[in-house]
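>>> Okay, predicted coordinates and the sequence, questions at the end:
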Amino acid sequence: QLTANMSLGMGMGFGGVPSAHTDVLSASPEDVPSKLRLVEEIKSRGRSCVGCKAYPDAASLYTKGIEVLSSISGDESVKKDAAILYSNRSLVLLQMGKISEALESADSACENDPSYVKAHWRRGQACNAIGNTADALASFEKALSLEPANKTLKREVEAAKVKKEQEEKLLAAAKEAKEAEAETEVAEPPKAAGPARKDAVKPASSAKPTSSTKTSNNAVKVEGDTDLFTTSDHVRGYKIRSDGKKTSYFDREISEETKQLIGDIAPKRIDPNNPTEDNAPKPLPVTEGTSAWNKAGTWEERDVTSWAKETLEAALLTSDYVLPEGSPSPGARATVSKVAKLDGHASYATVRGKKRYIYEFAFTLDWVLTLGDDHTKTCHGKVTFPDVDGTVELGDGYDIVDYHVDGSSPAGTGPLLERFVRDGGLRESIHNKIDDWVRLLRATY
């Protein structure tokens, strides 16, 4: 069943806020082809909004797309499209902190297409956020069963298993503690009130000042004090020092051995007119390659953006993939023909003698795939990598947005391009080239 769950006002964005996408949000196509074209436009705009973290706009667009699809007779292709929109909306709602709504969207994605990996992935993330580790683990395991080679899903499963084991241990410990407390209450009934203590506090008029002496009943009289304080009594906020004096609980008594270790820490006067070898100020050495003001070596940063852009572009242009035997077009070659746009920066910092590498890039690549059966036929397109930075572990891969196939590409090549350009093949080659560039950055600086 296709349900939008959230409604949009005419031309309004998520939560009733005016949107920059009013033309799409207020559109009301009548025929099925027009509706499907609108959904494709919504997908494209939604990806762009996610890429620039405009999550409310993305939520508005995905909700509109779900509403449009709900007006079309639900064949399998419509349900698959709906699952994608629900999954994407779950992602943006989770980023907006709307956890319960994100879980509802993920559930709807799973219902519309149980074979869609990201639907179960998003459900697992929402369950984790809401604190339901058991359901999160089940969702991650389901997603991994659909895509066993996914490294990120493997880590999600392992992390959920560890978290679940920790929660079970905590629950078991809490249960044991509660049972032990109950047994103690049964075994030891409350004691009846007894006669007043013999060593109760004496009135001030009866107390006489005396030197510090320990009595046979373990009591200590404090010089100049008018009460009797025993070491066996529990008095909140006070304690007895080794010399028998009562003091604040937070007072720290230093032993003679400790005093010897600390040495003489009394302030010493320095005569500026008579500097000695010990008290004369000495300049700190300046490490080669660091600035003069950073003599302590706590922080030193160097910009290497120019080198980084040049070497990263060169690495990306070497990306290629040849389709293997048994594929729909054996021998076809996919390559990056141009780095159309490359924005970002790179630097490295020396922090207390250790290097930290800081880089963040976004780029758009032109790609071309030459078909293996007829080298005169080619497919062209673009793809954008919005977040290539130090937060991504080597081998994890990088997200893409705005994947586009040029209209001049031969008909019927869509599935081939999705498999070997968008989802694998050339994309994996690009991932490897980026990882190699990161290693080069670390080796060079």
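That came in fine, so what should we check first? If you're wondering where the values come from, they're calculated on a predicted model, not measured in any experiment.

>>> For the rest of this, base every contact and every neighbour count on C-alpha atoms.
OK.

>>> that's a strand at L365, yeah?
Yes: with DSSP: H, G, I helix; E, B strand; the rest coil as the criterion, L365 is assigned to a strand.

>>> ok, now which ones touch it?
Taking C-alpha atoms under 8 Å, 6 or more residues apart in numbering, we find L365 in contact with 336-341, 382-384.

>>> export those to a markdown table and tack on secondary structure?
As requested, the contacts of L365 are exported to a markdown table (three-state DSSP):
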| residue | secondary structure |
| --- | --- |
| V336 | strand |
| S337 | strand |
| K338 | strand |
| V339 | strand |
| A340 | strand |
| K341 | strand |
| K382 | strand |
| V383 | strand |
| T384 | strand |
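
>>> Could you identify the most distant pair in those residues?
Spatially, the most separated pair among these is S337 and T384, at 13.8 Å (C-alpha to C-alpha).

>>> Okay, now the unreliable bits of the stretch 251-400 of the chain?
271-300, 351-352, 372-375 (pLDDT under 70).

>>> in the helix ranked longest in the chain, what's buried?
The longest helix of the chain (DSSP state H) is helix 151-187. By neighbour count with 16 or more other C-alpha atoms under 10 Å, helix 151-187 contains the buried residues 153-154, 156-157, 160-161, 163-164.

>>> How is the residue nearest the centre of the chain assigned, secondary-structure-wise?
Within the chain, one residue has its C-alpha closest to the average C-alpha position: by C-alpha atoms, centre = their mean, that is T391, at 9.1 Å. Following three-state DSSP, T391 is assigned to coil.

>>> Could you pull up phi and psi at it?
phi -80, psi -10 (degrees, to the nearest 10).

>>> Quick check: the gap between it and T311.
Counting by C-alpha to C-alpha, to the nearest Å, the gap from T391 to T311 is 20 Å.

>>> ok, now which ones touch F385?
When contacts are counted by C-alpha under 8 Å, 6+ apart, F385 touches 362-364, 398-401.

>>> quick one: the one helix or strand it maps to to chain centroid distance?
Counting by DSSP states H and E, the element that carries F385 is strand 378-389. Computed by C-alpha atoms, centre = their mean, to the nearest Å, the chain-centroid distance of strand 378-389 equals 24 Å.

>>> now what about the helix or strand encompassing A314, what contacts it?
Assigned by DSSP H and E, A314 belongs to helix 305-316. If you take C-alpha under 8 Å, 6+ apart as the criterion, helix 305-316 is touched by 336, 339, 342, 344-347, 430, 433-434, 437, 441.

>>> ok, and for the next helix or strand after that helix, which residues are buried?
Sequence order places strand 320-322 as the next helix or strand after helix 305-316, per DSSP H and E. By 16+ other C-alpha under 10 Å, the buried positions in strand 320-322 come out as 320-322.

>>> Listing partners with orientation, what would you give for strand 320-322?
In the sheet, strand 320-322 lines up against strand 333-351 (antiparallel) (DSSP bridges).

>>> quick one: which of the contacts of L365 has the most company?
V336 (23 neighbours; other C-alpha atoms under 10 Å).

>>> who does it bridge with?
Counting by DSSP bridges, V336 forms beta bridges with W367.

>>> what is the mean pLDDT for the helix or strand following the strand holding F385?
Remark: after strand 378-389, the chain's next helix or strand is strand 401-405, criterion DSSP H and E. Averaged over strand 401-405, pLDDT sits at 89.
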